[in-house]
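> no letters, just coordinates:
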């Protein structure tokens, strides 16, 4: 399940001033709460919640008041002792904001950005509930392999539906804080054709935003390394410490599959048997695989190579997500594959499983 598509944000978003200097009033309710219970207004710094304000529930209602210069993504959290907590993220902006919180449903409405955000939340929550139902049903030990596979395909289809919702809403809202938040949460699911038209539409207020700057740089790298472009060379070290270049393999007549992976990456390890099978099938037919590892522990990298039966060339700079090649090729998630033809032209990216096998059968002769 793609975790990062959910609406719970991990970054603050800043936008233009909202509704004058009248300030904000947040009025909310929490199902199952008691008088005297505490509710918190919080932000996230790194991976930690940080309390900004506190309110006490009285007669079933809590209230926060203040003034906000710009629309920012924040949380309301309810963490009663001995009970399951509830949290909702919303846009803190001037105006009257209405919050309703329960274990099953959450809403934040009443201001422009929150009304937009709530509409998206409803769409995504609906899909997430379907996914959870299927996920829970897969624990049934009486399911056949065929039934379990069918449920997995249903999950994949719903995953893709979440991505499509995010793409559509980013496109509709790229000029407001909601679209910017969704872009920052989901850009790694979008390709260059999705992202490039959005860049000129991002408001100037975000020019110095660290994540937006990263996305813009990624888009330029994606354009330079898109399908149809010649590969860009880079140099790293083998597990034995020998310096090698991508050009030692690519552009010399062979079809070359570049596999971005890491020993710590669960999906990479699950995908590796497919690559082992493909290598055994095509290695004597003018085909090569070059592994580029995003490991940072050299011994873990070597152990992963051994345990996963990897027999093709490997290289890494052991810099984790600061990996030179990953940055150059705008790789934001792994496993990620790139297929280069014998002339050195990139002919495919992001293929796995059956799609990769079909492409290899087409191009490896």
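Received it, and whenever you're ready, just let me know what you need. Fair warning: this is a prediction, and the values are worked out from it, not measured in the lab.
> please make it C-alpha for all contacts and neighbour counts, starting now.
Fine.
> contact partners for the residue sitting furthest away from the middle of the chain?
Centroid-distance maximum for the chain: residue 59 at 40.4 Å, with CA atoms, centre = their mean. Shown in contact with residue 59 (CA atoms under 8 Å, 6 or more residues apart in numbering): residue 35.
> one more pass at 10 Å, please.
29, 33, 34, 35, 36 (CA atoms under 10 Å, 6 or more residues apart in numbering).
> what's the mean pLDDT across the helix or strand where residue 360 lies?
Element membership of residue 360 [criterion: DSSP states H and E] is helix 353-363. Averaged across helix 353-363, the pLDDT comes to 92.
> again, but for stretch 323-341
Rounded mean pLDDT across stretch 323-341 is 94.
> measure it end to end?
One end of stretch 323-341 sits 24 Å from the other (CA to CA, to the nearest Å).
> list the buried residues in it.
323-326, 328-331, 334-341 (16 or more other CA atoms under 10 Å).
> which of those fall within helices?
324, 325, 326, 328 (DSSP state H).
> so which of those is the closest to residue 195?
residue 328 (16.8 Å; CA to CA).
> and that closest one, how close does it get to residue 291?
For residue 328, the distance to residue 291 - CA to CA - is 15 Å.
> what is the neighbour count of residue 160?
Per other CA atoms under 10 Å, the neighbour tally for residue 160 reads 14.
> shift numbering so it begins at 246
Sounds good: first residue 246 from here, last item residue 405.
> let me know the helix or strand that residue 270 is in.
strand 269-275.
> ok, and what's touching that strand?
By CA under 10 Å, 6+ apart, strand 269-275 touches 282, 284, 286, 302-313, 321-323, 331, 337-348, 351-356.
> all strands for the stretch 446-595 of the chain, in order.
480-482, 488-490, 500-506, 532-538, 559-561, 581-585, 591-594 (DSSP state E, counting those that start in this stretch).
> determine which of those approaches residue 370 most closely.
Comparing the strands of the stretch 446-595 of the chain against residue 370 with CA to CA, the closest turns out to be strand 581-585 (28.3 Å).
> elements contacting that closest one?
strand 500-506, strand 532-538, strand 591-594, helix 598-608 (3 or more CA pairs under 10 Å, 6 or more residues apart in numbering; DSSP states H and E).
> what's the angle between that strand and helix 598-608?
Orientation of strand 581-585 against helix 598-608 (axes from the mean of the first three to the mean of the last three CA atoms, to 10 degrees) gives an angle of 10 degrees.
> quick check, residue 297 in a strand?
Yes. Using DSSP: H, G, I helix; E, B strand; the rest coil, the secondary structure at residue 297 is a strand.
> my guess is it meets residue 311, correct?
No. With contact defined as CA atoms under 10 Å, residue 297 does not reach residue 311; the gap is 11.2 Å.
> now the strands of the stretch 446-595 of the chain in a markdown table, with distance to residue 368?
Below are these laid out as a markdown table (distance: least, CA to CA, whole Å):
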| stretch | distance to residue 368 |
| --- | --- |
| strand 480-482 | 45 |
| strand 488-490 | 46 |
| strand 500-506 | 33 |
| strand 532-538 | 37 |
| strand 559-561 | 41 |
| strand 581-585 | 29 |
| strand 591-594 | 30 |
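> inside strands: which ones of the contacts of residue 304?
In strands, defined here by DSSP state E, the members of these are residue 274.
> buried ones among the contacts of residue 304?
The buried subset of the contacts of residue 304 - by 16+ other CA under 10 Å - is 274, 278.
> which of the contacts of residue 304 lies closest to residue 463?
Of the contacts of residue 304, the one sitting nearest to residue 463 (CA to CA) turns out to be residue 274, at 41.8 Å.
> ok, residue 602 - contacts?
The contact partners of residue 602, by CA under 10 Å, 6+ apart, come to 519, 520, 522, 523, 596.
> now residue 303, which residues is it bridged with?
residue 306 (DSSP bridges).
> returning to what we had before: of residue 297 and residue 311, give the one with the bigger neighbour count.
Neighbours were counted for residue 297 and for residue 311 using other CA under 10 Å; residue 311 has more, 14 against 11.
> how much space between that one and residue 351?
Distance from residue 311 to residue 351, by CA to CA: 22 Å.
> next one: residue 508
Between residue 508 and residue 351 the distance is 38 Å, computed by CA to CA.
> where do the helices of the protein begin and end?
Using DSSP H, helices in the chain cover 357-382, 390-418, 422-431, 437-440, 455-469, 511-527, 543-552, 569-573, 598-608.
> and the furthest pair within the contacts of residue 304?
274 and 281 (12.8 Å).
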